[in-house]
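Colleague: Sequence below, structure please.
(2 chains)
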Amino acid sequence: MRQLLITSALPYANGHIHIGHLVEYLQTDIWVRFQKMIGNRAVYVCADDTHGTAIMIRARAEGRSEEALIAEMSEAHQRDFAGFGIEFDHYGSTHSEANRAVCHEIWAALRAADMIVEEDIAQLFDTEQGTFLADRFVRGTCPRCGSKDQPGDNCGSCGATYSPVDLVDPVSTLSGSRPEIREAKHLFVRIEKMHDFLAEWTQSGTIPTESANYLKNFFLHEPLRDWDVSRPAPYFGFEIPDSPGNYWYVWFDAPIGYIGATAEWCERQGEKLDDWWRSDRTEVHHFIGKDIQYFHTLFWPAELKTAGFSLPTQVHIHGFLTVDGEKMSKSRGTFIRASKYLEHLDPEYLRYYYATKLSSRVEDLDLNLGEFVARVNSDLVGKVVNLASRTAKFVAESGLSAEYPDDGGLFTRFAERGAEIAAAYENGDYGKAMRMIMELADQANPYVEEKAPWELRKDPAKARELQDACTVALNLFRTLVIYLAPVLPSLARKTGELFGETITSWSQAGTPLTGRPIAKFSHMMQRVDAAKVEAMIAESREEAAAEAPATAPEAKTREDSGDALAANPIAAEIGIEDFLKTDLRVARIVAADEVPEAKKLVKLTLSLGGESRRTVFAGIKSAYAPADLVGRLVVVVANLAPRQMKFGVSEGMIIAAGPGGEDIFLLSPDDGAVPGQRVG
RNA sequence: CGCGGGAUGGAGCAGUCUGGUAGCUCGUCAGGCUCAUAACCUGAAGGCCGUAGGUUCAAAUCCUACUCCCGCAACCA
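Modeller: Below is the predicted model of the structure:
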């Protein structure tokens, strides 16, 4: 019997679970259930990831403590997971004493290994908010080219990279105030010390080949940079014991949460943590998304190795979810929260659909809504459940035959495929497992067809034959359900009830049931109603629109949400003279050309009236077709310094609102404005 | 030459590692059945396996080049 410790990435306490997250938790849950069914000892732990600036800022904005915020989110997360049948053995929080203790332990080991270095860093400090500002919370004027309103780490105009402290006229996006420069001590992990170990470990088969290559090409080909793991107060997190006033960066304590949560589970179960994290006997399996492999395959093993913990046996990495071939989109209604899904649809549908799409490769997974409906209905309802619903009632009185009848080897064939299907589950090739199971299901229905129990029952002399046929069909059905049980726990439970047993073990599939009563049959699974899918999408779209006023023209002024403003607060005050430096002009788009090689850009030719023409590259390709742009009036920043871009020189910038992606909204003057007129 | 993945009947995919009759599900069409949740069964149509070369007795499969698509990275909202 193998002993397995299994984790999914810790969901961040700043947001709700959506169907994209669920790919990972369902993938993990299926694997865990499978392992338990084949008799391995598997423990599935997870926790909320609770620390960091984002949590602190949000708690402040909502006028409550961080603890209150994360408690509420943890509850919401666990409710969503439970709704999808995701069963953790323990669900903790990174904000726990258990986790703090492990952080201390790992920290001490890093110190002992002389892997911690200190360095003073000049950082911007927002005096109004009383906090240091991460790069993304600062904007200002580029020190090199003078472009205004640039991000804190690099200039979007000239491409210069710099530190936020170098910005001319920096502005805090939290308060709009001008931050001051303060020196602060930061602590770094000198991960380069583990370079040789990591180079070997990442190529050892523990992680998918694609990922190993990625790490080799992007990080391990040169010395690894020191990892900044501290943040000065105020910060919501754990204070570093030997560096008062400094806190561990959220990404330091997040993975450690795996161990912290395990420690809590051990405490409750009377187990020893060392049996799970410092033992060759226990395999550690992480399930993560490709976006965070960097943390899990470099820093994490380096820390574990240094502190003498077990290294991950395997890191299972999955891709992202797309819906109908596109990224999840709020405006399209495909950004679907777990709780919203559950209001409309059975979680087993999604469990099955994802299972049919998952493999051991790092691939994105597409939720095609039309296919979703068709697959679930034809596979689960039409093929599998149908076997029971067309035969169970014929044996309601007689029960199953006392001896398993001659079925021409059908059941044996079903049983023999078990090992192969199990291997597919083990390897994470759920799609392959589902295909094999459905292949079997496709053999079962013709059997029923051939035996025609509805004919047999007309002749009392054939009662025995009828009972035998149904015994075969129901046993085939039962075996299929056992194979599907890791994916469809609810169907497995109902099937168990039909047969008067509990489905807990894979080996049950190998032996047919005989001589026992069959419970009254009732529908085990409803067909997917496409209308409900549509309703779910429509509601998601409406709710997203209500949250983001910029994307909801129908929203009236009094209903506008404050989110857009909160997300991007008003900049520092300026005088009229500053504003007048910006020369905004009305311009007419006289030509709009595709820039085929560019992802975001459209090449515009603007007329400022008369013979005056400008070429401007605008990043609006995702929102506007060039043909729709020609002729319309826009507002252009006319005195912006020309900028050399990959595809040509851009001589200005057109003004637009919106968060980006498909949600970009060009500003246009009302009728009557003429190209060349100044906007002021 | 930025990194990676992909291209197989109308749709979604398997098959590619380990060359040897091109397969599955859905959809379509024609029958059948009526036990079953407009479910199920039988049959049919539909593919020169992205393109062009090469290796081989034999290529969807191996090799080379190219084209297109999708992620990620870069590009002014």
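
Colleague: Show me which residues of the stretch 251-400 of chain A sit near RNA strand B.
Modeller: Counting by C-beta under 7 Å from any atom of the strand, the stretch 251-400 of chain A comes close to RNA strand B at A:319-320, A:326-327, A:359, A:363-364, A:366, A:368, A:371, A:374-375, A:377-379, A:381-383, A:385-386, A:389-391, A:393. Just so you know, the C-beta spots here come from the backbone N, C-alpha and C atoms, and that holds for glycine as well.

Colleague: Give me the buried subset of these.
Modeller: A:319, A:359, A:366, A:375, A:377, A:379, A:381, A:383, A:385-386, A:389-391 (16 or more other C-beta atoms under 10 Å).

Colleague: In contact with the residue in the stretch 501-650 of chain A that RNA strand B sits nearest to, which residues?
Modeller: Residue nearest to RNA strand B within the stretch 501-650 of chain A: A:Gly619 (1.2 Å; C-beta to the nearest atom of the strand). Residues in contact with A:Gly619 (C-beta atoms under 8 Å, 6 or more residues apart in numbering) are A:600-602, A:664.

Colleague: hang on, A:Gln43 in a strand?
Modeller: To be clear, residue A:43 is Val; Gln isn't right here. Yes: using DSSP: H, G, I helix; E, B strand; the rest coil, the secondary structure at A:Val43 is a strand.

Colleague: mind listing which of the residues of the stretch 251-400 of chain A next to RNA strand B are in strands?
Modeller: Residues from those lying in strands, with DSSP state E as the criterion: A:326-327, A:366.

Colleague: one step back: please tell me how far the residue of the stretch 501-650 of chain A closest to RNA strand B sits from A:Ala638.
Modeller: 18 Å (C-beta to C-beta, to the nearest Å).

Colleague: Does A:Thr605 touch A:Arg613 like I think?
Modeller: Yes: counting by C-beta atoms under 8 Å, A:Arg613 is a contact partner of A:Thr605 at 5.9 Å.

Colleague: and for these two, which residues touch both?
Modeller: Shared contacts of A:Thr605 and A:Arg613 (C-beta under 8 Å, 6+ apart): A:Val590.

Colleague: So the two - more neighbours on which side?
Modeller: A:Thr605 (16 against 13; other C-beta atoms under 10 Å).

Colleague: who's in contact with that one?
Modeller: Neighbour list for A:Thr605: A:589-593, A:613-616 [criterion: C-beta under 8 Å, 6+ apart].

Colleague: What about RNA strand B: which of those touch it?
Modeller: Answer for the contacts of A:Thr605 near RNA strand B (C-beta under 7 Å from any atom of the strand): A:Val616.

Colleague: Report the buried members of the contacts of A:Thr605.
Modeller: When those are checked for burial by 16+ other C-beta under 10 Å, the buried set is A:589, A:592, A:614-616.

Colleague: Now go through these and say which are in strands.
Modeller: A:589, A:592, A:614-616.

Colleague: could those residues be laid out in CSV, adding pLDDT?
Modeller: Listed next are those as CSV, based on pLDDT from 0 to 100:
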residue, pLDDT
A:Ile589, 86
A:Ala592, 80
A:Arg614, 83
A:Thr615, 82
A:Val616, 83
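
Colleague: now, the most widely separated pair of those?
Modeller: Using C-beta to C-beta, the two most remote members of those are A:Ala592 and A:Arg614, lying 12.8 Å apart.

Colleague: if we can go back for a sec, and the contacts of A:Gly619, which of them are buried?
Modeller: Those of the contacts of A:Gly619 that meet the buried threshold are A:601-602, A:664, by 16+ other C-beta under 10 Å.

Colleague: re the thing from before, report pLDDT for the residue of the stretch 501-650 of chain A closest to RNA strand B.
Modeller: What the model reports as pLDDT for A:Gly619 is 78.

Colleague: One more: A:Ile576?
Modeller: Each residue has a pLDDT score; the one for A:Ile576 is 69.

Colleague: now swap in A:Arg139 and tell me
Modeller: Model confidence at A:Arg139, given as pLDDT, is 76.

Colleague: what's the helix or strand encompassing it packed up against?
Modeller: Taking DSSP states H and E as the criterion, A:Arg139 maps to strand A:138-141. The contact analysis (3 or more C-beta pairs under 8 Å, 6 or more residues apart in numbering; DSSP states H and E) places strand A:138-141 against strand A:150-151, strand A:168-172.

Colleague: does it come close to RNA strand B?
Modeller: No: figure legend: strand A:138-141 not in contact with RNA strand B (C-beta under 7 Å from any atom of the strand); closest approach 11.9 Å.

Colleague: That strand pairs with which strands?
Modeller: If you go by DSSP bridges, strand A:138-141 pairs up with strand A:150-151 (antiparallel), strand A:168-172 (antiparallel).

Colleague: residue with max distance from the center of chain A?
Modeller: A:Ala461 (59.4 Å; C-alpha atoms, centre = their mean).

Colleague: tell me the pLDDT at it?
Modeller: 91.

Colleague: ok, now the one 5 residues further on?
Modeller: pLDDT, A:Leu466: 94.

Colleague: One more: A:Asp324?
Modeller: 80.

Colleague: Do I have it right that it meets A:Ile336?
Modeller: No: in terms of C-beta under 8 Å, A:Asp324 does not count as a neighbour of A:Ile336; the distance is 11.9 Å.

Colleague: The two: which has the busier surroundings?
Modeller: Counted by other C-beta under 10 Å, A:Asp324 and A:Ile336 do not tie: A:Ile336 has more neighbours, with 27 against 16.
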